[in-house]
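1. Got a predicted model here, sequence first, then my questions.
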Amino acid sequence: MTEDAGANIALVIETLYQIAADPEGWEQLIDVLALPAPSDEAPADTGPDLQRMADIARLVSQGAGGRPDLRPDVAWTVLTPGLKVLSCNAAAEAVIAGLGRMQVGGELKFDNPANDEVLRQALDQAALRGSQTILKFEREGEEEGPSFAYLVPAVNMLNTVGKLVSAPDGGAYALVFPAAETTSRLWNTLRESFGLTAAEARLARKLRDGRSLQEAAEELQVSVNTLRNQLRGIFEKMGLKRQSDLVRALTELSSVAGVIEMDAGPGPPAPVDGAPPIQTIQLSDGRRLAFREYGDAAGRHMLAFHEGMGSSLLPPGTDALARRLGLRIVCAERPGFGMSDPNPDYSFDAVADDMVELCDHLRLEDIRIAAILSGTPSAVQTAIRLNGRANRLLICSGRPPRPSTHADGARNPLILFRERIQSSPWVIDTFYSIIRLQLTVPLVERVIRRTAVFSDGDRAYFEDHPELAEYIAAYVGECLAHTVRGPADELKAFRRARNLTAAELRTPLIIWHGEEDVLAPLSDLMNYLGDKAQEVWTAPSIGHFMALKHWERVLQRMAKDS
């Protein structure tokens, strides 16, 4: 690997650290991924850089089902206010072994009495405030530096620690550390308590969020020289030498805080507007495939393919609308999406095989197929596999496995991001893991507004339907709830399948597209499908939100006899 390539990869990894702290900075990856040496696999000799990237993935990935044995990155101990240990995980035992003694049912004891006092004072404050507190525990060995932890009400950690042991004295608190392996690597340069002034803390936060000293000076309305003096003070108090070490340390601690904050929230988004329950079948190779059924069980059969970060959650009101139109809609979660198990050999053909097996299991015949956005290649291959069993295929705002050729698309951040991250697929899993942890409705709102700048119709539709952000956050949350493998595998499949065609398609094909769609230009879709389309409708005054705006019309078209 050349020196330049190594520097490029290190820069990508540093950027991922910034995004872990502030996911709204995701567009930073566009520039760094434009650097030379794109690669399917990360070069083997990147050494420490790749190890740091693995650290990010460990910290931001959440174990399936919230089981404690699937959170080795977070060490937690549940305590009563009297320091009785109610429960803990193995990672906590390893951390505490370097600080003192602990066993479930007994009292937590530190080797350094000052640490006992630190914890007792924090528990007293927590009982009054009910909020989280950062603690610093001193270690005996100076070279190891202090150990930092969060103290939070244990109820805030339900998703991480599972069912809590009841506390007879009226309360329980979780003491949460980065796991011992991570702690030794991250904090071995810290010699003293933070002890930062308010100004120093503000600067540290700006630097963690990716600001340069010049940008921070402008935002804080002080001189760069003032910030240089504050930065020297931070380095002295934290025992650090480089700005990058400070950013990394704060980012890692912020990531653990993100776990707590996510667990303290309402949990996964609730199903939208009375959505049907998720069902599963076991495929012939033993994998689980998840799906929802909407509408009339005795109605015309329809198979729906959601977009590239979708689950089986269709737009609000779909169940009642499908029942009124006499449709039985089955929307499956592709391998690694939502509750469907990943497929180690993910491809559009492999997805089609799963869908045919699902159709066989549910005894679906005369099947109408509808696809949205990135669900298009899987839907096309499924229609080819079903052949005469497929009644028609309607593609809405379809995204083909082709690079965008639209002039405006070259300036759209989502298109640039998608194309460049496909050139470095080793980044995808970590990026999606970060998004899974940090996903919120306000974040979705800001991404929509940022990327709808090329479509007046999309912008107006979102202003009229702000609830759209809640729906998108709900299905993306479901999609990423258990693993990021599916969306990541599908992005890689898009890159591998750039020579894929629809030459074998015999199913009647209908194309509906927004005239203002820059994210998935119609010309690219038509180049992929050739002359297969029997009907093409370009919806006026709308872009990428065409399928959402015209969802009722989509279902009406699918309900027709021909």
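-> In hand now; what should we look at?

2. Pretty sure Pro276 sits against Ala290.
-> No - Pro276 is beyond contact range of Ala290, at 11.9 Å (criterion: C-beta atoms under 8 Å). C-beta coordinates here come from the backbone N, C-alpha and C atoms, glycine included.

3. So for the two, which sits in the more crowded spot?
-> A direct count of neighbours by other C-beta atoms under 10 Å for Pro276 and Ala290 places Ala290 higher, at 22 against 18.

4. Regarding the more buried one, what is its secondary structure?
-> Following DSSP: H, G, I helix; E, B strand; the rest coil, Ala290 is assigned to strand.

5. Can you give me the distance of Leu468 to Thr80?
-> Applying C-beta to C-beta, to the nearest Å, the value for Leu468 to Thr80 is 45 Å.

6. Near the residue nearest to Glu27 when sequence neighbours are not counted, how many other residues are there?
-> Using C-beta to C-beta, 6 or more residues apart in numbering and skipping the chain neighbours, the partner closest in space to Glu27 is Pro413 (5.1 Å). Neighbour count of Pro413, defined by other C-beta under 10 Å: 15.

7. Low-confidence ranges, the stretch 401-550 of the chain, go.
-> Applying pLDDT under 70 to the stretch 401-550 of the chain flags the ranges 403-412, 423, 425-426.

8. For it, which segments count as strands?
-> Counting by DSSP state E, counting those that start in this stretch, one finds strands in the stretch 401-550 of the chain at the ranges 509-514, 533-539.

9. From Phe305, how far off is Ala493?
-> 14 Å.

10. buried set for the helix or strand encompassing Asp116?
-> Per DSSP states H and E, Asp116 falls inside helix 113-129. For helix 113-129, burial by neighbour count (16 or more other C-beta atoms under 10 Å) applies to Asn115, Asp116, Val118, Leu119, Ala122, Leu123, Ala126.

11. Any chance of the residues you listed in JSON lines with pLDDT and distance to Glu200 as columns?
-> Formatted as JSON lines, these follow (pLDDT from 0 to 100; distance: C-beta to C-beta, whole Å):
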{"residue": "Asn115", "pLDDT": "90", "distance to Glu200": "25"}
{"residue": "Asp116", "pLDDT": "90", "distance to Glu200": "29"}
{"residue": "Val118", "pLDDT": "86", "distance to Glu200": "21"}
{"residue": "Leu119", "pLDDT": "89", "distance to Glu200": "25"}
{"residue": "Ala122", "pLDDT": "82", "distance to Glu200": "22"}
{"residue": "Leu123", "pLDDT": "84", "distance to Glu200": "27"}
{"residue": "Ala126", "pLDDT": "71", "distance to Glu200": "25"}
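
12. so which of those residues comes closest to Val447?
-> Ala126 (35.1 Å; C-beta to C-beta).

13. circling back to that earlier point, may I have the helix holding Asp116 as PDB, with CA atoms only?
-> The C-alpha coordinates for helix 113-129 follow below in PDB (Å, rounded to 0.1, in the frame of the first residue of the first chain):
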ATOM      1  CA  PRO A 113     -11.300   4.600  49.200                       C
ATOM      2  CA  ALA A 114     -11.500   7.900  47.200                       C
ATOM      3  CA  ASN A 115     -13.400   6.000  44.500                       C
ATOM      4  CA  ASP A 116     -16.000   4.800  47.000                       C
ATOM      5  CA  GLU A 117     -16.600   8.400  48.000                       C
ATOM      6  CA  VAL A 118     -16.900   9.500  44.300                       C
ATOM      7  CA  LEU A 119     -19.500   6.800  43.700                       C
ATOM      8  CA  ARG A 120     -21.500   7.500  46.900                       C
ATOM      9  CA  GLN A 121     -21.600  11.300  46.200                       C
ATOM     10  CA  ALA A 122     -22.700  10.600  42.600                       C
ATOM     11  CA  LEU A 123     -25.500   8.300  43.900                       C
ATOM     12  CA  ASP A 124     -26.700  11.000  46.300                       C
ATOM     13  CA  GLN A 125     -26.800  13.500  43.400                       C
ATOM     14  CA  ALA A 126     -28.500  11.000  41.100                       C
ATOM     15  CA  ALA A 127     -31.300  10.400  43.600                       C
ATOM     16  CA  LEU A 128     -32.000  14.200  43.600                       C
ATOM     17  CA  ARG A 129     -31.500  14.900  39.900                       C
END
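
14. And that helix, what does it pack against?
-> strand 109-110, strand 133-137, strand 147-153, strand 173-178 (3 or more C-beta pairs under 8 Å, 6 or more residues apart in numbering; DSSP states H and E).

15. Show me what it is in contact with.
-> Applying C-beta atoms under 8 Å, 6 or more residues apart in numbering, the contact partners of helix 113-129 are 79, 81, 83, 99-100, 108-110, 133, 135-138, 151-153, 171, 173, 175.

16. Just the buried residues of those residues.
-> Neighbour-count burial (16+ other C-beta under 10 Å) applied to the contacts of helix 113-129 gives 79, 81, 83, 99, 108, 110, 135-138, 151-153, 171, 173, 175.

17. Which two of these have the greatest separation?
-> For these, the farthest-apart pair by C-beta to C-beta is Glu138 and Gly171; their separation is 26.1 Å.

18. before we move on, back to that, need the winner for burial among the strands of the stretch 401-550 of the chain.
-> Highest mean neighbour count of those: strand 509-514, a mean of 23 (counted as mean count of other C-beta atoms under 10 Å).

19. Sheet-wise, list the partners of it with their directions.
-> The strands beside strand 509-514 in its sheet (DSSP bridges) come out as strand 390-396 (parallel), strand 533-539 (parallel).
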